[in-house]
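S.K.: Just to be clear, the model below is a prediction. Sequence and coordinates:
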Amino acid sequence: MSTISLDQARTIIAATLAHGKQLGLKPLGVAVVDGGGHLIAFEREDCTATLRAHIAVGKAAGALGLGVSSRRIGEMAAERPGFIASLGAIAPSGLIPAAGGVIVLDDAGRALGAVGVTGDTSDNDELCALAGIAAANLKAQGA
């Protein structure tokens, strides 16, 4: 099974953080996980809040766990709050129903892993994740 390499994860993180700086965003935390939701790499900027690592991993791994972006999970939470709330107890790395978790696909459309970004608004987190994925010459689900 293909996965995101450590070098690709580092590229994603660097480009994600650079995009956040370019946009003048609050300090970000970025997690890259493999196709099983296991952490490959995480980095956070100075002054990020202490839960950011868990939130970033939860956005990425939760997206993989349900096969949709964390933005879509947020929409699902509005539609079926009890269902999404109940998943927290069984999601090993958490489940964050807010934009910023994006699945990374191979050329055949299979999940290689995911990126989770947190620290600014959820929309901005997602924009930065997409920029990081593109910088690594990888494809984001739905892009």
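M.R.: Happy to help now that I have it.

S.K.: can you give me the strands for the protein?
M.R.: For the chain, the strands defined by DSSP state E occupy 29-34, 39-44, 101-105, 111-118, 139-140.

S.K.: separation between the residue of the chain positioned farthest from its centre and Leu95?
M.R.: Centroid-distance maximum for the chain: Gly82 at 22.9 Å, with CA atoms, centre = their mean. Going from Gly82 to Leu95 by CB to CB, to the nearest Å gives 14 Å. (C-beta placed from N, C-alpha, C; glycine too.)

S.K.: just Gly132 next, same as before
M.R.: Counting by CB to CB - Gly132 and Leu95 are separated by 21 Å.

S.K.: Ok, Gly88 next?
M.R.: Applying CB to CB to Gly88 and Leu95 gives a distance of 5 Å.

S.K.: neighbour-wise, which of those two wins?
M.R.: Per other CB atoms under 10 Å, whichever of Gly88 and Leu95 has more neighbours is Leu95, with 24 against 13.

S.K.: close enough to count as contact, the more buried one and Gly74?
M.R.: No - using CB atoms under 8 Å, Leu95 is not in contact with Gly74; the gap is 10.5 Å.

S.K.: ok and whichever helix in the chain runs longest relative to strand 101-105, angle-wise?
M.R.: If you go by DSSP state H, the chain has its longest helix at helix 6-23. Helix 6-23 and strand 101-105 are oriented at 140 degrees to each other (axes from the mean of the first three to the mean of the last three CA atoms, to 10 degrees).

S.K.: can you give me the offset of helix 6-23 from its chain's centre?
M.R.: 12 Å (CA atoms, centre = their mean, to the nearest Å).
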